[in-house]
Structure formats: C-alpha cells, structure tokens
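>>> Prediction below, plus the sequence it came from.
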Amino acid sequence: MEQKILDLIYEVCDDKIIYTKKDVNMFDTGLLESMDFIELLMSIEEEFDIEIPPEDIKKDEMATPNMLVAFVEARI
C-alpha cells in the first residue's frame with residue numbers, strides 16, 4: 001500500500017525525492033500546491049475506494065509522504 005500511495009504522490013508532484021526522503025514537507029518545498037493536493041486526495045479516494053470527509057483534511061497532518069501513508073492506512 002505504501003508504494004501505491006508514493007506512486008500516486010509522484011504522479012502529482014513529479015519528483016522522485018518522495019521515494020527517498022519520505023519526511024520531506026511537500027508543501028514547504030513546493031512539491032504540492034493546493035490544487036495538486038486536492039487532485040492527490042481524489043486519486044487516493046478512487047484508488048482505495050475510501051471517502052475522505054473535508055473535516056478530516058488537515059494539510060499539516062499530511063505534509064510528508066510518511067504522514068500521508070499513515071493517514072490513508074488508518075482509514076483502510
């Protein structure tokens with residue numbers, strides 16, 4: 001599952017750093033912007049057949065690849 005989430009992140013940010021530096025803040029480094037983040041969440045919902053309610057979306061809790069993986073794993 002981690003690999004698939006990383007692949008989805010890569011599809012949006014197009015930078016392989018997310019595979020090697022899984023604690024990189026994707027927002028602070030410019031890897032993800034707001035619209036990219038929305039696209040990524042939609043891809044995750046579709047891929048894993050889950051719904052992420054808007055009230056659960058907190059960018060500071062999903063800022064790194066590792067945080068995003070943990071967030072998704074907790075909902076499956």
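Okay, I see it.

>>> residue with max distance from the center of the chain?
Seen from the C-alpha centroid of the chain, the residue lying at the greatest distance (C-alpha atoms, centre = their mean) is E55, 16.3 Å away.

>>> Quick check: chain neighbours aside, which residue is closest to the residue nearest the centre of the chain?
The chain has L68 as the residue nearest its centroid, 4.6 Å off, counting by C-alpha atoms, centre = their mean. Among residues not flanking L68 along the chain, M62 sits closest, at 4.8 Å (C-beta to C-beta, 6 or more residues apart in numbering). C-beta: built from backbone N, CA, C; applies to glycine.

>>> contacting residues for that neighbour?
By C-beta atoms under 8 Å, 6 or more residues apart in numbering, M62 lies in contact with F37, L68, F71.

>>> now these as TSV including distance to E46 and pLDDT?
As requested, the contacts of M62 are arranged in TSV below (distance: C-beta to C-beta, whole Å; pLDDT from 0 to 100):
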residue	distance to E46	pLDDT
F37	15	93
L68	15	96
F71	16	95
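
>>> so which of those comes closest to E51?
Closest approach between these and E51, by C-beta to C-beta: F71, at 13.3 Å.

>>> How many residues are close by E39?
Counted by other C-beta atoms under 10 Å, the residues lying close to E39 total 15.

>>> Give me the three-state assignment for it.
helix (DSSP: H, G, I helix; E, B strand; the rest coil).

>>> Stretch 49-63: end-to-end distance?
One end of stretch 49-63 sits 22 Å from the other (C-alpha to C-alpha, to the nearest Å).
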